[in-house]
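> I'd like to go over a predicted model; first the sequence, then the structure.
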Amino acid sequence: MAYAQVAVAHDDHSTDADHKPHGWRRWVYATNHKDIGTMYLIFAGIMFFVGGSLAMLIRLELFKPGLQFFDPLFFNSLTTMHALIMIFGAIMPAWTGLANWQIPMQVGAPDMALPRLNNFSFWILPFAFLLLLSTFFVPGGAPAGGWTMYPPLMLQGGAAFPMTIFAIHLMGASSILGAMNVIVTILNMRAPGMTLLRMPLFVWSWLITAYLLIAVMPVLAGAVTMLLTDHFFGTTFFTAAGGGDPVMFQHIFWFFGHPEVYILILPAFGIISEIIPTFARKPIFGYEAMVYAIASIAFLSFIVWAHHMFTVGMPLAGELFFMLTTMLIAIPTGVKVFNWCATIWKGSLTFEPPMLFALSFVFLFTIGGFSGVMLAIVPADFQYQDTYFVVAHFHYVLVPGTIFGIMAGVYYWLPKWTGRMYDQTLGKWHFWLSAIFVNVLFFPQHFLGLAGMPRRIPDYAVQFTDWNMVSSIGGFGFGLSQFLFPYLIWKCIKHGTPIGNRAWEGAHGLEWELPSPPPFHSWETPPTEAVLAHAAVH
Amino acid sequence: MMMRYAHSKLAAAAALLPLAAPVRADSGWGLLNMTPGVTDISRKIYALHMEVFWICVAIGVVVFGWMIWSLVAFRKSKGAVADTSLVHNTKVEILWTAIPVFILIAMAVPAARTLVDIEDTRNTELTIKVTGFQWGWNYDYLDNGVNYFSRLDRASDAARQLLSGIDPTTVPNYLLSVDHPLIVPAGVKIRLLITGADVIHSWWVPAFGLKKDAIPGFINELWFRVDPDKTGLYRGQCVELCGRDHGFMPIVVDVRSKEDFGTWLKTTAAEQKQAAAATAPAATPAG
C-alpha cells in the first residue's frame, strides 16, 4: 500500500469551509479535529494545574520533618491522585490534543478519519475525571494505595475504590478510541505521495504510540476489573489465601505500565525531531534510524516490565533476563540522542522558545536516561527501588522530558493554530524559570534516594531535611512559573501579531503550507506532489 | 550509630553547589551518595553503583560536550550556515549503535556476578522469619523459640502526630528508632524469611545492601553477613507503600558480637518460655 486513498467526503460541512455550528453546540457536538484538539489541550491544561496543585501540597508537607498539614492517609491520597491526574488527565490528553490538531494537517487530510468517535473519546474524559476527583469527598477519602494500585492494599480502599476503577475504565476507553482514530487516519487519510517513510516524525511516533495504547489499555482494564471482582464478588485472583497471587497483579499492571511510560514519552521524541531541524535549519539526521529506534523502543517495552518489581523475589533467571532487556533500551534511545546532536552539528542555530524547550529536553531527558540505566542494574536496583532516586528518575523523564516536549510542541505550533505570534520574551522567561526550577526540584531527590529516603512517605528522618527544603523551594518556583504559560497563550490569542503560513523560517512540513490559522477543514483537496515537494519533510 | 555516609567522590559534586556552605557535622547537605555498607554484598553493590555512575558521567561529558560545543559554534547569530547535506552517515550510525553494546556488556557482567552471589542462600547459620504488618515488624527466631514485635519507638511516635508541637530534631533518631530492634550476630551468614501479614511491605537496611518485599502468602528469602568488626545499630525503613502509617514502621538491626548474641538469645528464649508458661492458662479460650 504505497499510496493512501484520500477520502474527501463532500458533505455539507466540507463544501462550505466557513460553516460550523456556533455557541455551545460547536463544542458539545464537535466533530472537527481542531475543535476537539483544542478541547483536549484545554482539558489537559486544567488537569496539569489540578495535578500540579496536589504536588505543591506534597512538597509543602515535605518542606520540613514532622507532620504540619495533613494526615498520613490524606498524604497518600495526594501522591496517588497526583500521579493518576498527571498521567491520565494531563499528559495523555495533551498528546491526543496535539495529535488531533497536527496529524490531519501533517499528512494532508481534511480531518481525522472518525470524527464522531473523536467527539466521544474526548467527552468521556470530563466525566471520568469528575468521578475520580469526587473521591476526595466520599467516606474514606480519595484512593490512597498509589497509582500502581497494588493489592492487597488497594482492596482496603473505601467508597473511592470502585469509583477509581470505573474512572480508569473510562479513561482507558477514551485512550483506545483516540488511538484507533489516529491509526485509521494515518493509514488511510494520507495525501497521495505521502508514503510512510515521508511522514513527519511526530506522525510516526504517534502511529507507534497508538499501537502501544491499543495493546496495553485493555490489560490495565483487565487488571483493575480483577481487583473489582476480588473486592465485591468473592474472587481471589490476587489473594494468596484463596489460591491467588498478589504479585500476579504487579506483573499484569507493569505489562501495561511499561509500554504506558513509552506512550507518555514517544510523541515527545516525535515533536523534538520536528523542532530541532527547524531551528537548526538542517534536516533531521538519520530519519530512518529515528523511525526504527522508536519502533525498537516500542517493541522492547513489552519485554521489560518486571524491572519495576525486582524486589518481589524473582528467580535469578528472571532477574537476569529483565536486566538485560532493560539495558538494551539504552541502544535505540542512545541512537535518538546522537541523531539529535548530529542534527544541531553544523546547523545554523537560533533559540526561540520551542528550540529552548527542545534542547533542554535532550539534556535533561538524557539525565533521566542515565539514572534509568543505573536502575536496570539489578543489584544496585535493590538499593534504589522505592526510594527518592526512583522518584527523581521518572520525574526527570516525565517533567523536563514529556512535559517540556508538550510545551515545546505548543510553542512550536501555537502561531499556526492562532495565526498570531506570541510574546517570545515571555516564552523565554517561562522556559528559563521552568528549566532552572525543575532541576532545583528534582536533582536533590537523587541525593535523598541514595542517602536512603523511601518514596511515598509523609514525614522523614531529620537528616533528610536540607535537600527536601531545596526540593520544595524548586517545586514552588516551578509551580508558580507555570502560570506564565496560560497567560502567554491568552495574550497571543488576544494581542499576538498576525503571522504568515510559515511561522518559523526553517520549518518544513505540510502544516506550514496551510494559512495561519488553517482553514476549518484542513486539506479539503489533497496537497499535490508539488506542495509535498515544497513542504519537503526531510 | 548509623546512617553513616561515605564521603565519596560524589562529595566533590557538592563543591559545585552554591548551597554547600559551611557543612555541619550533623547536617544533611553531605548526604549525597549511597553508603558502601557493612557487608560484602553491600560493598559489591556500591562498587557497581559507582562504576555505572562514572560510566554515565563519562558518556555525559562526551554527549553534553558535543551538544554544548555545537550550541556555541553553530549559532546563526555568529554567521553559521547550515550544512544541509549532512543527513545520514552509515559508518557513524553503526558505530554509535555498536559502542553502547560493549559498554552495556561491561556493566552487565559484574552485575550478573554480584546477582549470583546475592541469590546464593546456601549454608546459612541462623534463620529469622520477618513478618511485616500494618504497621511494624515481627521477628521470629525459628530454631530458638524467640519471637517479638518491633514498632516505632514512643518518642518518635509522639513527635510524628499531626501538629504535635514536638520538634523532630530534638528526638534522637526521629522515625528511625524502634522499641525492640532485630538482634543478630556479626560475622554469621543469616537467612531472613520475609513475609507479610496483611498487605505488601518491604524490608530494607541500606547498610546491608538488601531489600525484599514482604508479601502475604509468600515467603521471600534473603541473606546477609555483617563484617565481624562492624557491630552496632543499623537503620532502615519499610519501602513498599502499605497504608496510612507506611512512613512510620522503621527497621533497626542491633548487630552484636557472636558471644553477646549467644548470651542474649539464651536469656531471651528462657524469659519468653517462662512468660508463655505464666500466661498460658489465661490464653486458653474461655468458652
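Received the coordinates, thanks.
> might you report the residue contacts of the residue nearest to A:Asp386 when sequence neighbours are not counted?
Leaving aside its sequence neighbours, A:Asp386 sits nearest to B:Val239 (CB to CB, 6 or more residues apart in numbering or on different chains; 4.0 Å). Every residue, glycine included, has its C-beta placed from N, CA and C. Neighbouring residues of B:Val239 by CB atoms under 8 Å, 6 or more residues apart in numbering or on different chains: A:385-387, A:454-455, B:202, B:204, B:211.
> between those residues, which is nearest B:Val116?
B:Lys211 (17.6 Å; CB to CB).
> let me see the contact set for that closest one.
Counting by CB under 8 Å, 6+ apart, B:Lys211 has contacts A:311, A:382-383, A:385-386, B:202-204, B:239.
> how about A:Ile58?
Here A:Ile58 is in contact with A:75, A:78-79, A:82 (CB under 8 Å, 6+ apart).
> can you pull the phi/psi pair for B:Thr39?
phi -130, psi 160 (degrees, to the nearest 10).
> where in chain B is pLDDT low?
Within chain B, the ranges that satisfy pLDDT under 70 run B:1-26, B:280-287.
> what distance separates stretch A:60-71 from the middle of the whole chain?
30 Å (CA atoms, centre = their mean, to the nearest Å).
> contact partners of that stretch?
A:57, A:75, A:78, A:458-462, A:464-465, A:468-469, A:471-472, B:159-164, B:166-169, B:174-175, B:244.
> quick one on the thing from earlier: among the contacts of B:Val239, which lie within strands?
Among the contacts of B:Val239, the ones falling in strands (DSSP state E) are B:202, B:204, B:211.
> the last one: what's its closest spatial neighbour, skipping adjacent residues?
Take B:Lys211 and drop its neighbours on the chain: the residue closest to it by CB to CB, 6+ apart is B:Trp204, 4.1 Å away.
> that older thread, the contacts of B:Lys211: which two are farthest apart?
Taking CB to CB, the two most distant members of these are A:Gln383 and B:Trp203; they sit 13.3 Å apart.
> looking at the stretch 201-350 of chain A, which residue is nearest chain B?
Residue nearest to chain B within the stretch 201-350 of chain A (CB to the nearest CB): A:Ala240, separated by 2.0 Å.
> mind checking which helix or strand residue 49 is in?
Went with chain A since none was named. Taking DSSP states H and E as the criterion, A:Phe49 maps to helix A:33-61.
> nope, chain B
Here B:His49 is assigned to helix B:40-73, by DSSP H and E.
> do that helix and chain A come into contact?
Yes: contact of helix B:40-73 with chain A (CB under 8 Å from any CB of the partner chain) involves B:41, B:44-45, B:48-49, B:52-53, B:56, B:59-60, B:63-64, B:66-67, B:70-71.
> C-terminal to the host helix or strand of B:Ile94, what's the next element?
In this structure, B:Ile94 sits in helix B:90-118 according to DSSP H and E. Using DSSP H and E, the helix or strand that follows helix B:90-118 in sequence is strand B:126-133.
> and that next one, what does it pack against?
strand B:136-141, strand B:182-185, strand B:190-196, strand B:201-205, strand B:210-214 (3 or more CB pairs under 8 Å, 6 or more residues apart in numbering or on different chains; DSSP states H and E).
> recalculate using a threshold of 7 Å.
If you count contacts as 3 or more CB pairs under 7 Å, 6 or more residues apart in numbering or on different chains; DSSP states H and E, strand B:126-133 packs onto strand B:136-141, strand B:190-196, strand B:201-205, strand B:210-214.
> switch the ones you listed over to TSV; also include distance to A:Leu228.
Formatted as TSV, these follow (distance: least, CB to CB, whole Å):
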stretch	distance to A:Leu228
strand B:136-141	30
strand B:190-196	22
strand B:201-205	24
strand B:210-214	24
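> those: which one's closest to A:Pro162?
When the helices and strands packed on strand B:126-133 are compared (using CB to CB), the closest one is strand B:190-196, at 24.4 Å.
> hmm, that closest one in reach of chain A?
No: residues of strand B:190-196 are not located near chain A by CB under 7 Å from any CB of the partner chain, the shortest gap being 8.1 Å.
> re the thing from before, the helix holding B:Ile94 packs against which elements?
helix A:316-328, helix A:330-344, helix A:378-384, helix B:40-73.
> buried stuff in stretch B:56-72?
B:56, B:59, B:63, B:67, B:70 (16 or more other CB atoms under 10 Å in any protein chain shown).
> pull the residues that contact that stretch.
With contact meaning CB atoms under 7 Å, 6 or more residues apart in numbering or on different chains, stretch B:56-72 is reached by A:337, A:341, A:344-345, A:349, A:362-363, A:366, A:370, A:373-374.
> quick one: which two of those residues are the most distant?
Based on CB to CB, the longest span within those runs between A:Leu349 and A:Met374 and measures 31.4 Å.
> before we move on, back to that, the contacts of A:Ile58 in helices, which ones?
Taking DSSP state H, the ones among the contacts of A:Ile58 that sit in helices are A:75, A:78-79, A:82.
> in the helix holding B:Ile94, what counts as buried?
B:93, B:96-97, B:100, B:103-104, B:107-108, B:110-112, B:114-115, B:118.
> and the residue nearest to B:Lys211, what is it in contact with?
So B:Trp204 contacts B:210-211, B:236-237, B:239 (CB under 7 Å, 6+ apart).
> 6 Å instead?
Taking CB atoms under 6 Å, 6 or more residues apart in numbering or on different chains, we find B:Trp204 in contact with B:211, B:236, B:239.
> tally of neighbours for the nearest residue to A:Val337 once chain neighbours are set aside?
Among residues not flanking A:Val337 along the chain, A:Thr366 sits closest, at 5.7 Å (CB to CB, 6+ apart). Using other CB atoms under 10 Å in any protein chain shown, A:Thr366 is surrounded by 26 other residues.
> give me the element residue 269 is part of.
The chain I'm using is chain A. helix A:246-280.
> can you look at chain B instead?
Going by DSSP H and E, B:Ala269 is in helix B:258-283.
> then A:His393?
With elements taken from DSSP H and E, the one containing A:His393 is helix A:388-397.
> show me what that helix packs onto, helices and strands only.
helix A:353-376, helix A:424-450 (3 or more CB pairs under 6 Å, 6 or more residues apart in numbering or on different chains; DSSP states H and E).
> in JSON lines, list those helices along with distance to A:Pro283 and mean pLDDT.
Output for the helices and strands packed on helix A:388-397, formatted as JSON lines (distance: least, CB to CB, whole Å; pLDDT from 0 to 100):
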{"stretch": "helix A:353-376", "distance to A:Pro283": "15", "mean pLDDT": "97"}
{"stretch": "helix A:424-450", "distance to A:Pro283": "24", "mean pLDDT": "97"}
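> among those, which is the most enclosed?
helix A:353-376 (a mean of 24; mean count of other CB atoms under 10 Å in any protein chain shown).
> for that one, C-alpha coordinates in PDB please.
The C-alpha trace of helix A:353-376 is given here as PDB (Å, rounded to 0.1, in the frame of the first residue of the first chain):
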ATOM      1  CA  PRO A 353      11.100  29.200  22.900                       C
ATOM      2  CA  PRO A 354      10.300  25.900  21.100                       C
ATOM      3  CA  MET A 355      14.000  25.300  20.500                       C
ATOM      4  CA  LEU A 356      14.900  26.100  24.100                       C
ATOM      5  CA  PHE A 357      12.400  23.600  25.400                       C
ATOM      6  CA  ALA A 358      13.600  21.000  22.800                       C
ATOM      7  CA  LEU A 359      17.300  21.400  23.700                       C
ATOM      8  CA  SER A 360      16.700  21.200  27.400                       C
ATOM      9  CA  PHE A 361      14.600  18.100  26.700                       C
ATOM     10  CA  VAL A 362      17.600  16.400  25.100                       C
ATOM     11  CA  PHE A 363      19.800  17.400  28.100                       C
ATOM     12  CA  LEU A 364      17.500  16.600  30.900                       C
ATOM     13  CA  PHE A 365      15.800  13.500  29.400                       C
ATOM     14  CA  THR A 366      19.300  12.100  28.900                       C
ATOM     15  CA  ILE A 367      20.000  12.600  32.700                       C
ATOM     16  CA  GLY A 368      16.800  10.600  33.300                       C
ATOM     17  CA  GLY A 369      18.100   8.000  30.800                       C
ATOM     18  CA  PHE A 370      21.300   7.700  32.800                       C
ATOM     19  CA  SER A 371      19.500   7.000  36.000                       C
ATOM     20  CA  GLY A 372      17.400   4.600  34.000                       C
ATOM     21  CA  VAL A 373      20.500   2.600  33.100                       C
ATOM     22  CA  MET A 374      21.600   2.600  36.700                       C
ATOM     23  CA  LEU A 375      18.200   1.300  37.800                       C
ATOM     24  CA  ALA A 376      18.500  -1.500  35.300                       C
END
